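Engineer: Turn this into a structure:
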Amino acid sequence: MDNLSPSPQRAAAPRSLAAEFVRARGDAGAAALVRQTALDWLALAAQQGGVETPGAGVPGRGGGSEGPIEALVGAAEGALGADRGASEWVISEVLPGDARHPLSRRHAALRWAIERDAPGLSVALLVLGRRERDPLRPAALTALARWAGAHGADEQVDVFLVSLLARDGAVDVYPQPFGLLQQRLAIDPAPLAPRAIEVLRGRVELMLRARDWRQAARALQLLSGMNVDVRVPLLLDALALWAKRTESGIGSRRVVSDIVRLLEHESGRQLGSNPGNWITWWVAVRQGRIELKERVAADSPKAAHTPHGDADPRSRASFFGLRPTSDRVTFVLDHSGSMSTALGTRSISRYDEAISQMVRYLQASGTDTRFNVILFDSDTLRSSAELVVASPENVEPRQGVAAVATPRRWHMPRACGEARALCRCQR
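Structural biologist: The predicted structure follows:
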């Protein structure tokens, strides 16, 4: 029944499935056949109706006349719902990958078990999540990432999700572990289970010390999974390290800015980027002389990311209202014919205004910023092979930036691809 397709015969009598189950009580073989048929009908409904979970998103469900797909789902759910042993059978026999059960049936079984919250589901999901070659693994991992939202923090689930970070970035891993853990933290803002925090702490510490600023930036996004007594010391150590690297010309002002912003968020204070100021504050907190800022309304992200008056000049520089916190910036600009039209009622063209704002941003950012410009229409053109220092000679429109503005046509998708590639290869 792995390649089922709708037929008038199946659509005409699906409700008989529940009756068949009633007649099969006491006959293990007959009951198993009814269960298998029910799952196969759910698989058929998913294939024909394009649904991800039984009873969700099927055209016609919940109102109007019942069509063939709806009838199949209703009959299958009714039969499985009336079968007290169905959950145990799905968890212990179908999901583990018994050769008697085709893949479509296993997928249907997993969707049904998740929707029903079958007993023993978390253990079954963990088993599937550890099987790297099991086709059900991506769905199982996604369900584990969402587990805390419906059931609260589970130490085994949290530890498993954190342990996956060891393979984050591997091309053969899907879904990516970092994204799964982010999803877990977004669903439940409370810190992870204690043992998971210990595992995550070691991993985040390594990421914060990495020379690749992207690893440090990703690590900062995982700190919400820890208690404040764990994450603040990590932030202090990271600030001291990255501030020193930045002073030596091998760091990242973006990372420093992000760390400072998180410390301001924790403390409600603005102490700049000097690690000594923050260490003094934390010592006072530990001694009980200063209390941590009260977290109001789940700590609005807007408040956490608002630039402060003592921010560095680069964070005050803007490009059409945008204020990047990174010191590595690639501008992707439209240079098609439409950009030669006037901007509003002004006499300046849209393209000239974009160049003007870009130049002002780079001049305000200073020489610590490195940049590149990619123009697009039906093709792409890059101002330089790599990011260059925002020095006066590179920023001057007549000498540097405007040199790419020769009459050509450029292509946006290719421009964005080149921009991403450029950012990946530049540190």
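
Engineer: For the closest residue to His101 other than its chain neighbours, list the residues it contacts.
Structural biologist: Leaving aside its sequence neighbours, His101 sits nearest to Val94 (CB to CB, 6 or more residues apart in numbering; 5.0 Å). Bear in mind the C-beta positions are built from the backbone N, C-alpha and C, glycine included. Counting by CB atoms under 8 Å, 6 or more residues apart in numbering, Val94 makes contact with 39, 101, 105-106, 109.

Engineer: from what I can see Ser104 touches Ala43, true?
Structural biologist: Yes. At 4.1 Å, Ser104 and Ala43 qualify as touching, with contact defined as CB atoms under 8 Å.

Engineer: Which one of these two is surrounded by more residues?
Structural biologist: Neighbours around Ser104 and Ala43, counted as other CB atoms under 10 Å, are more numerous at Ala43. The numbers are 27 against 19.

Engineer: For the helix or strand hosting the more buried one, which helices and strands make contact with it?
Structural biologist: Ala43 is part of helix 28-49, with elements assigned from DSSP states H and E. The contact analysis (3 or more CB pairs under 8 Å, 6 or more residues apart in numbering; DSSP states H and E) places helix 28-49 against helix 16-24, helix 68-81, helix 86-89, helix 103-116.

Engineer: mean pLDDT for those: which is lowest?
Structural biologist: Lowest mean pLDDT of the helices and strands packed on helix 28-49: helix 16-24, a mean of 54.

Engineer: Report pLDDT for the residue nearest to Asn274 when sequence neighbours are not counted.
Structural biologist: Spatially, and ignoring its direct neighbours in sequence, Asn274 is nearest to Ala243 (7.7 Å; CB to CB, 6+ apart). Looking at Ala243, its pLDDT is 93.

Engineer: buried ones in the host helix or strand of Ala243?
Structural biologist: Ala243 belongs to helix 228-247 when assigned by DSSP H and E. Going by neighbour count (16 or more other CB atoms under 10 Å), the buried part of helix 228-247 is 230-232, 234-243, 245-246.

Engineer: what's the helix or strand following that helix packed up against?
Structural biologist: Next helix or strand after helix 228-247 toward the C-terminus (DSSP H and E): helix 253-267. Counting contacts by 3+ CB pairs under 8 Å, 6+ apart, helix 253-267 packs against helix 213-220, helix 228-247, helix 275-286, helix 301-304.

Engineer: If you average pLDDT over each of those helices, which is lowest?
Structural biologist: helix 301-304 (a mean of 40).

Engineer: How far away from the center of its chain is stretch 215-228?
Structural biologist: Mean C-alpha position of stretch 215-228 versus that of the full chain (CA atoms, centre = their mean, to the nearest Å) differs by 14 Å.

Engineer: Flag every buried residue along it.
Structural biologist: If you call a residue buried by 16+ other CB under 10 Å, then stretch 215-228 has these buried ones: 215-220, 222-226.

Engineer: Please report how far the most centrally placed residue in the chain lies from Leu125.
Structural biologist: In the chain, the centroid-proximal residue (CA atoms, centre = their mean) is Gly179; its distance is 4.0 Å. In this view, Gly179 and Leu125 are 17 Å apart by CB to CB, to the nearest Å.

Engineer: ok, for Leu387, nearest residue in space, not its chain neighbours?
Structural biologist: Among residues not flanking Leu387 along the chain, Arg370 sits closest, at 3.9 Å (CB to CB, 6+ apart).

Engineer: what does stretch 221-235 contact?
Structural biologist: 178, 181-182, 184-185, 189, 191-192, 196-197, 200-201, 204-205, 208, 259, 262-263, 266, 278, 282, 292.

Engineer: 7 Å - rerun?
Structural biologist: Contacts with stretch 221-235, where a contact means CB atoms under 7 Å, 6 or more residues apart in numbering, come from 181-182, 185, 189, 191-192, 197, 200-201, 204-205, 208, 259, 262-263, 266, 282, 292.

Engineer: start to end distance for that stretch?
Structural biologist: With CA to CA, to the nearest Å applied, stretch 221-235 spans 12 Å between its terminal residues.
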